[in-house]
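S.K.: Got a sequence here, can you model it:
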Amino acid sequence: MKILLLEDDVVLSEIIIEHLESEHHHVTAIYDGIEAENLIFERKFDLLLLDVNVPLLSGFELLKELREKGNTTPAIFITSMNSSQNVSDGFSLGANDYLKKPFEMIELKARIKNIQRHFKIEDSSIISVSNSIQYDASRFILIVNKKERILSKKEGEFLFYLLQHRGEVVTTHELMVNVWSYDNAPTESTIRTYIKKLRKFIGEGAISTVWGVGYIYEV
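M.R.: Prediction:
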């Protein structure tokens, strides 16, 4: 799912992103209501996760404007505003669910699953890499012209991260932090080795080098 997350608590935002991306969702994090509104009208999202007390435009005001303009994207409020009146207000504005802080990530994931079922949003880990190539992120399998190639776990995670951010420049440091997580950080030489392997699997022109910065998946 393509999820917009409006949450001005940077630490909480990063925690939510980490958990949802582990479920193969693509999460776009925004920290104020105006930027969120602009982005929602520029792109299509499957789900909105909205905090209420955020800068410039509150989550309540944002959803009210979206619904008045005909946007029906499913929305879940995630907020510390937890009185009965707050909950009632959230639903009256067009929210599909309301999650009170603090909450466990397992509860957030369950509510997202419920939204997926209710709105029949496709839940698939199969990612289209190109017209002839697909990647099964749940099994680390690359499908090239209907032939399967099993990637190592790290190769698969590396490819998945690039695909999540296709069209964006991903820095070497970003890859080190997000792909290797708490493991020992790799050297830049190791990063280049993985890029070389992936290019061999999916085509030399798929991943471009931005010298001195990182890489970009452009196909």
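S.K.: from here on, contacts and neighbour counts on C-alpha atoms
M.R.: Will do.
S.K.: Which stretches in this structure count as helices?
M.R.: Ranges of helices in the chain, per DSSP state H, are 10-21, 33-42, 59-68, 84-92, 105-119, 153-164, 172-180, 188-202.
S.K.: weakest of those by average pLDDT?
M.R.: The minimum mean pLDDT among those belongs to helix 172-180 (a mean of 82).
S.K.: Can I get that one in PDB? Just the C-alpha atoms.
M.R.: What follows is helix 172-180, C-alpha atoms only, in PDB (Å, rounded to 0.1, in the frame of the first residue of the first chain):
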ATOM      1  CA  THR A 172      25.300   5.400   0.300                       C
ATOM      2  CA  HIS A 173      24.900   6.300   4.000                       C
ATOM      3  CA  GLU A 174      21.100   5.800   3.700                       C
ATOM      4  CA  LEU A 175      21.600   2.400   2.200                       C
ATOM      5  CA  MET A 176      24.000   1.500   5.000                       C
ATOM      6  CA  VAL A 177      21.600   2.600   7.700                       C
ATOM      7  CA  ASN A 178      18.400   1.200   6.300                       C
ATOM      8  CA  VAL A 179      19.400  -2.000   4.600                       C
ATOM      9  CA  TRP A 180      21.900  -3.200   7.200                       C
END
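S.K.: what residues does that helix touch?
M.R.: With C-alpha atoms under 8 Å, 6 or more residues apart in numbering as the test, helix 172-180 has contacts from 154, 157-158, 161, 185-186, 188, 191, 213-215.
S.K.: Would you mind reformatting the helices of the chain (as CSV) and adding columns for mean neighbour count and distance to I141 while you're at it?
M.R.: Below are the helices of the chain laid out as CSV (neighbours: other C-alpha atoms under 10 Å; distance: least, C-alpha to C-alpha, whole Å):
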stretch, mean neighbour count, distance to I141
helix 10-21, 14, 18
helix 33-42, 16, 32
helix 59-68, 18, 39
helix 84-92, 15, 41
helix 105-119, 14, 24
helix 153-164, 18, 8
helix 172-180, 16, 17
helix 188-202, 15, 11
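S.K.: Can you redo those helices as CSV, where the extra columns are distance to R139?
M.R.: Shown next, in CSV, are the helices of the chain (distance: least, C-alpha to C-alpha, whole Å):
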stretch, distance to R139
helix 10-21, 15
helix 33-42, 32
helix 59-68, 37
helix 84-92, 38
helix 105-119, 20
helix 153-164, 9
helix 172-180, 16
helix 188-202, 16
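S.K.: follow-up on the earlier one: now, the most widely separated pair of the contacts of helix 172-180?
M.R.: K154 and V213 (21.3 Å; C-alpha to C-alpha).
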